[in-house]
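**Q** need coordinates for the below:
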Amino acid sequence: MLRSAIRQFLTQTRFLVTDTAQTVHQKNSNILYGKPIARRILNECHNECAEFVNKYQCRPRLVTVLVGGNESSKLYVRNKQRIAEHVGIDFQVINQLMHTTPSQLIDTIQSLNQDHSVDGIILQLPLPLHLIDKTQQFIDIIREDKDVDAHTSPNGYLYRQSPPPLVTIPVVAAVREMLLEIGEPLQGKDVVVIGRSKYVGTPLALMLSQSSTTAKDSLVSGATVTICHRHTHLNNLTWYCKNADVIVSAVGRPKLITQRMVKKDAIVIDVGISKSWTDKAVAQNKQFVGDVDFHDVQRVARWITPVPGGIGPVTIACLISNLLRLARHRRQ
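**A** Numbering: from 1, shown residues only. Alright, predicted model coming up:
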């Protein structure tokens, strides 16, 4: 039965990559959409997954632990599951009750650590309020070789070392893929990263500022990086952004970045996502917006990513790529 399922999987239709950044640019002015980039990555993952199944006679397995019923978290998990299963990965959701105790959550993670069939573990964030203060403690229980989100402390420390870690935080990897698609070297460029979180802003700034030894990596390294955050005065934030060649915002503040803050021909990567209750059109349609006032900034930016449809699809694709990398590494 297993062999039959494997043969069926191996004959599934491959992903089709029909667009590149250049063709997207031609069709849609200066908008850099994430879906064509995500399709390219997932096409590669699909082929890698087929090779994995053929070699090991099993599918890579990814397990997500979801605590409580946060609707946004459920949506994110469904999106991950849909894409993972389309690639050929076994995806399981363990949905624990809202009143799950710390010890129960720890036991769940430990059991997944010990399960050889599990190749990757995701602890879906944010956790409920009674657990949120111990978030990093729970994350650090996940085995490093199953940490598909690259959120454990040991994986975080590796950003400061060489060689780089086996896997990269998916959203950081997604920004990297976006910049690689543009194809302009960052060496000597001024980059502003807005947000200093341990899972996005800080590792992203380290990646963009580090030195590199390969031609490909040199496209996304060697920049002069300034990190702005909640304590950066708005006037100073405006000055830093106005003088930046590249702006990456990841704070979740709707329409924080406006046209007057962006110099002509800057590259703007919008990682933030939130609901804008002050925008009636957005609120009525129940849509999400980014940190950038998109239509306003689009007039001056050379490249700009939309929200939604920008960094999100690429982030999930990078997560899937991480899972396959970990699965192969564990069996070597």
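
**Q** ok, which stretches of this protein are strands?
**A** Remark: strands assigned in the chain by DSSP state E are 61-67, 90-96, 120-123, 190-194, 224-228, 246-249, 267-270, 303-304.

**Q** dump these into JSON lines; add mean neighbour count and distance to residue 260 as well.
**A** (Glycine included, C-beta is placed from N, CA and C.) Formatted as JSON lines, the strands of the chain follow (neighbours: other Cβ atoms under 10 Å; distance: least, Cβ to Cβ, whole Å):
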{"stretch": "strand 61-67", "mean neighbour count": "22", "distance to residue 260": "41"}
{"stretch": "strand 90-96", "mean neighbour count": "16", "distance to residue 260": "44"}
{"stretch": "strand 120-123", "mean neighbour count": "25", "distance to residue 260": "39"}
{"stretch": "strand 190-194", "mean neighbour count": "24", "distance to residue 260": "15"}
{"stretch": "strand 224-228", "mean neighbour count": "19", "distance to residue 260": "16"}
{"stretch": "strand 246-249", "mean neighbour count": "26", "distance to residue 260": "13"}
{"stretch": "strand 267-270", "mean neighbour count": "25", "distance to residue 260": "13"}
{"stretch": "strand 303-304", "mean neighbour count": "24", "distance to residue 260": "15"}
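
**Q** for those, give me CSV that also has distance to residue 139.
**A** Output for the strands of the chain, formatted as CSV (distance: least, Cβ to Cβ, whole Å):
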stretch, distance to residue 139
strand 61-67, 11
strand 90-96, 15
strand 120-123, 6
strand 190-194, 22
strand 224-228, 22
strand 246-249, 23
strand 267-270, 25
strand 303-304, 32
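
**Q** so for residue 323, which of those sits nearest?
**A** strand 120-123 (4.3 Å; Cβ to Cβ).

**Q** once you drop chain neighbours, what's closest to residue 201?
**A** The shortest distance from residue 201 to any non-neighbouring residue, by Cβ to Cβ, 6 or more residues apart in numbering, is to residue 195 (3.8 Å).

**Q** contacts only, for that neighbour.
**A** 201, 227, 228, 229, 249, 250, 251, 271, 272 (Cβ atoms under 8 Å, 6 or more residues apart in numbering).

**Q** what do you get for residue 232?
**A** Each residue near residue 232 by Cβ under 8 Å, 6+ apart is listed here: residue 240.

**Q** if you set the cut-off to 7 Å instead, what comes out?
**A** Taking Cβ atoms under 7 Å, 6 or more residues apart in numbering as the contact definition, residue 232 lies against nothing.

**Q** got a pLDDT number for it?
**A** With respect to pLDDT, residue 232 has a value of 96.

**Q** returning to that earlier point: nearest to residue 206, out of the strands of the chain?
**A** Closest among the strands of the chain, using Cβ to Cβ: strand 224-228, at 8.3 Å.

**Q** tell me, what residue is most central in this structure?
**A** residue 171 (2.2 Å; Cα atoms, centre = their mean).

**Q** neighbours of the closest residue to that residue other than its chain neighbours, just the number please.
**A** Excluding the flanking residues, the one nearest residue 171 by Cβ to Cβ, 6+ apart is residue 315, at 4.8 Å. Neighbours of residue 315 under the rule other Cβ atoms under 10 Å: 23.
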